[in-house]
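Engineer: Sequence and computational prediction follow.
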Amino acid sequence: MLKKAIYLRLCVLLLLFTACCLQACQHQSNASSAFYYWKGTYEQSPEQSELLQQTDSRRLYLRFMDVKWNSSTKQLAPEAVIRFRDSIGKTAVTPVIFITNQSFEKIKIEETDSLAFYLNKISQQLAAAQHLNYESMQIDCDWTVSTREKYFRFLSQLKKFSHKKLEATIRLHQVKYHFRTGIPPVDRGILMFYNMGKLSADLSARNSIYNKEDAAPYISYLSSYKLPLDIALPLFSWSLHIRHGKLIQIYGKIGKTALNNQENFEPTEHKNVYRARKSFFLSGVYVKTNDLFKLEAVDSKLLTTAAKQLAPQLHKNEKRNIIYYELGNLDLSSFKAKDLQKTSAYF
């Protein structure tokens, strides 16, 4: 009887130990799904609304405007300021302002103060007109070593004027070489885990939107990056227009459906590369006979690959948003809510 009792106790302890191990090994995601909206006019289709509901996405990162250097007037000017055709509703909003790096190359450091004041004022006016309350702002700028001082001063001033939490987009090269480019004075960074490869007319070149090989040299530096990070992942495709071996343009509006039109294109021996059968106009683009179009895209399988590669390199147990780029032009036939939920769950 004693041996039997000891045996039963050992079995119970073993079961408890196994259960604890399984619980410890299970990944508990602290991530929330969200979307960028980058179109010039905000309007939401029923299908987009349904996707937001199904992914439990409660925040939109809404592009308010672009800021670029105007070579004619020799000054900075906001462009493509957002217009609203629909109401945002109860969805939380983070205004996003895209600023070219050239903007900071062209202005003096003392002019960054007035730029911050001006952009904050415009953002407040746009939000007030739509009865939007926001707690944070995001700046998207691919700054460099030469513009670091001006850009960082701009960020500090914007935070002071806005009294909001401030976010900034971070590229992979800015993580690896942070000792040169610096870490921006913001509350959070958004790691842009896409557009990492080289755009090339080489038909066998890797997908420049995302591929594991180009990401690999950078991601090991993420664990030591001194800024909490949200993650931006791609949901888009584009076509590289190649003529006589040279890349002449990139088109987001020419996708798989157009390239699969056998009246206009024929597939080549290279994967996702199509040759024009004749000369014609396509979505306002002049296509010549024998022009090549190389389709680069991200599907749910590649998105999972990206998540599996990136997630283990990030700080554990940190709450973060997984922001998908972007809702306004998303091909809803290519991505389902369950695909995005699965991707977010890796983080």
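Structural biologist: Done, it's in. Numbering: from 1, shown residues only.
Engineer: Next, the buried residues of the host helix or strand of Tyr118.
Structural biologist: Under the criterion of DSSP states H and E, Tyr118 resides in helix 111-129. The neighbour-count check on helix 111-129 (16 or more other Cβ atoms under 10 Å) flags Glu111, Thr112, Asp113, Leu115, Ala116, Leu119, Asn120, Ile122, Ser123, Gln124, Leu126, Ala127 as buried. Backbone N, C-alpha and C define where each C-beta goes, glycine included.
Engineer: Same check on stretch 93-108?
Structural biologist: Quick answer for stretch 93-108 (16+ other Cβ under 10 Å): Val93, Thr94, Pro95, Val96, Ile97, Phe98, Ile99, Thr100, Ser103, Phe104, Lys106, Ile107.
Engineer: who touches the third one in this structure?
Structural biologist: So that's Pro95. Leu62, Phe64, Ser123, Leu126, Ala127, Tyr134, Met137, Gln138 (Cβ atoms under 8 Å, 6 or more residues apart in numbering).
Engineer: again, 10 Å this time
Structural biologist: 60-65, 82, 119-120, 122-124, 126-127, 132, 134, 136-139, 162, 164 (Cβ atoms under 10 Å, 6 or more residues apart in numbering).
Engineer: excluding its backbone neighbours, what's nearest it?
Structural biologist: The shortest distance from Pro95 to any non-neighbouring residue, by Cβ to Cβ, 6 or more residues apart in numbering, is to Phe64 (4.5 Å).
Engineer: Just to check, that neighbour is in contact with Ile99?
Structural biologist: No: counting by Cβ atoms under 10 Å, Phe64 sits too far from Ile99 to count as a contact (11.4 Å).
Engineer: Spit out the residues that contact these two alike.
Structural biologist: Shared contacts of Phe64 and Ile99, counting by Cβ under 10 Å, 6+ apart, come down to Pro78, Leu119.
Engineer: give me the number of residues near the residue lying closest to Leu126 once chain neighbours are set aside?
Structural biologist: What sits nearest to Leu126 in space, not counting adjacent residues and going by Cβ to Cβ, 6+ apart, is Phe64, at 5.6 Å. Applying other Cβ atoms under 10 Å, we find 21 residues neighbouring Phe64.
Engineer: And for Ser333?
Structural biologist: With other Cβ under 10 Å as criterion, Ser333 counts 8.
Engineer: Can you tell me the element it falls in?
Structural biologist: With DSSP H and E as the test, Ser333 turns up in no helix or strand.
Engineer: isn't it right next to Thr257, touching?
Structural biologist: Yes: with contact defined as Cβ under 10 Å, Ser333 reaches Thr257; the gap is 9.4 Å.
Engineer: mind checking how far the nearest residue to Phe265 once chain neighbours are set aside is from Lys253?
Structural biologist: Setting aside the residues directly before and after it, Phe265 is nearest to Tyr274 in space (Cβ to Cβ, 6+ apart), at 4.2 Å. Separation of Tyr274 from Lys253 (Cβ to Cβ, to the nearest Å): 15 Å.
Engineer: Those two - which one has more neighbours?
Structural biologist: Neighbours were counted for Tyr274 and for Lys253 using other Cβ under 10 Å; Tyr274 has more, 24 against 12.
Engineer: just checking, the more buried one is part of a strand?
Structural biologist: Yes: according to DSSP: H, G, I helix; E, B strand; the rest coil, Tyr274 belongs to a strand.
Engineer: can you pull the contacts of it?
Structural biologist: Remark: with contacts taken as Cβ under 10 Å, 6+ apart, Tyr274 is in contact with 239, 254, 256, 258-262, 264-268, 291-295.
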